[in-house]
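1. what's the 3D shape of this:
(one chain, ligands or ions: 1)
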Amino acid sequence: MFSYPAPYTIHSRTSGPSNTQNPYFSRKYIPKPLQPFVWWVASKVDRFFSTDTRQELEGIARESGLPLGEIVGLNILYDIAAFDRRHIFGLGCTSIVAQNEKGEIFHGRNLDYDMTGLLKNLTVHVDFMKNGSVLYSGVTFALYNGILTGQRPGAYSVSLNARYSGAYIDNILMEIYTKFKRPVSFFIRDVLEHQESYTDAVDALSNTHLFSPSYIIVAGTKKNEGVVISRNRWSAASVYQLNMDANQWFLVETNYDNWKKQGDNRRITAIQKLKEIGKINFNEKSMAEVLITSPVKNNLTVFSSVIQPKNPEIFDSFTWVWD
Ligand SMILES: CCCCCCCCCCCCCCCC(=O)NCCO
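-> I've put the predicted structure just below:
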């Protein structure tokens, strides 16, 4: 258990295989001669973050023995890499929200990313505690400050899928405009900590300026509380919602705008599987069945989770880190 100056403590448990990876992993991704300069630049970015975030990142650097710049760089990796460059990627993440006939909501998530082997070794389930109870939880990575998959128990859950749109200059301009304060994974954690309801979370996640694009998927606890927010840097490009009355009982998002042609078969496969299972008795096991269907699950899949915010214990018992 770690204690932070923030108003909570953190309980973490490793869900992955044994953690034997060389900690100097990111060094193979950045040419050696450039590393001192890149770490120096990234360490300067640290000063723009909130005091809590800065203290956490500095504590992580101190305890791990890795340079602060390297820790900051890895923590903002998503934001500095999210621009229109999809063509160099293989398959990616899938997030699904589905509701059954009783109006019970289930959130499914496969997190896929390059560095798959490394991330499997770093995957942890973390509970952020306040006054002895869980304020919010995430399945995340050791040394990582943000949350890409999380739940506020009894209220809502959130997952992020990568969206590659716009030019790199757009990220730089937004970094300057937002004063580097809002890497998206830090922001999702901030929302989980401060927004108490599904509606407030959807509002914050739709309208706050961020420095990278993304798909943010949110599930709640009541009928039709499920949404895919396709985020531009400035605000939402589209907000696509569950609507039981129109038989829109599920939403599926991968890494393509849902109103455009898809670049691979993940979405169509998930939709076919959801329709085959049907909405009548859909439950957490049905969601797991969809998530493990190939190519929804693929060789870049790090972990799969099913979340039902109304039954918070599902998240921990339905998370698998794949071998
Ligand atoms: C010091 C921290 C070590 C861990 C580094 C973690 C980096 C994580 C980076 C981001 C993950 C982005 C998730 C989006 C999932 C997705 O849509 N994948 C498709 C990718 O093309």
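
2. Glu101 sits in which helix or strand?
-> Element membership for Glu101 (DSSP states H and E) is empty, with no helix or strand holding it.

3. can you tell me the helix or strand for Val228?
-> Using DSSP H and E, Val228 falls in strand 226-231.

4. what's that strand in contact with?
-> Contact with strand 226-231 is made by 95, 97-99, 105, 107, 163, 184, 202, 205-206, 210, 213-220, 236-242, 251, 253, 257-258, as judged by Cβ atoms under 8 Å, 6 or more residues apart in numbering. (Glycine included, C-beta is placed from N, CA and C.)

5. hmm, it in reach of the ligand?
-> No - Strand 226-231 is not in contact with the ligand by Cβ under 6 Å from any ligand atom; minimum separation 12.6 Å.

6. okay, and for the stretch 51-200 of the chain, where does confidence drop off?
-> Applying pLDDT under 70 to the stretch 51-200 of the chain picks out residues 86-89.

7. try it again at 90.
-> Applying pLDDT under 90 to the stretch 51-200 of the chain flags the ranges 70, 73-74, 76-92, 113-118, 164-182.

8. on that earlier part again, sort out for me which of the contacts of strand 226-231 are in strands.
-> 95, 97-99, 105, 107, 214-219, 236-241, 251, 253 (DSSP state E).

9. paired strands for the strand holding Val228, with orientation please.
-> Sheet pairing of strand 226-231 (DSSP bridges) gives strand 214-219 (antiparallel), strand 236-241 (antiparallel).

10. what residues does the protein have near the ligand?
-> So the chain meets the ligand at 71, 74-75, 77-78, 89, 92-93, 111-113, 122, 141, 143-144, 148, 160-162, 255 (Cβ under 6 Å from any ligand atom).

11. recalculate using a threshold of 8 Å.
-> Counting by Cβ under 8 Å from any ligand atom, the residues of the chain close to the ligand are 25-26, 60, 66, 70-71, 74-75, 77-78, 86, 89-93, 111-115, 118-119, 122, 141-144, 148, 160-164, 185, 214-215, 254-255, 300.

12. picking up where we left off before, pick the most buried one from the strands paired with strand 226-231.
-> For the strands paired with strand 226-231, the largest average neighbour count (mean count of other Cβ atoms under 10 Å) is found in strand 214-219, namely a mean of 27.

13. send the alpha carbons of it over as PDB?
-> Provided in PDB are the C-alpha atoms of strand 214-219 (Å, rounded to 0.1, in the frame of the first residue of the first chain):
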ATOM      1  CA  SER A 214      -9.500   9.800 -28.200                       C
ATOM      2  CA  TYR A 215     -12.600   7.700 -28.000                       C
ATOM      3  CA  ILE A 216     -13.900   7.700 -24.400                       C
ATOM      4  CA  ILE A 217     -16.500   5.100 -23.500                       C
ATOM      5  CA  VAL A 218     -18.600   5.500 -20.400                       C
ATOM      6  CA  ALA A 219     -21.100   3.100 -18.800                       C
END
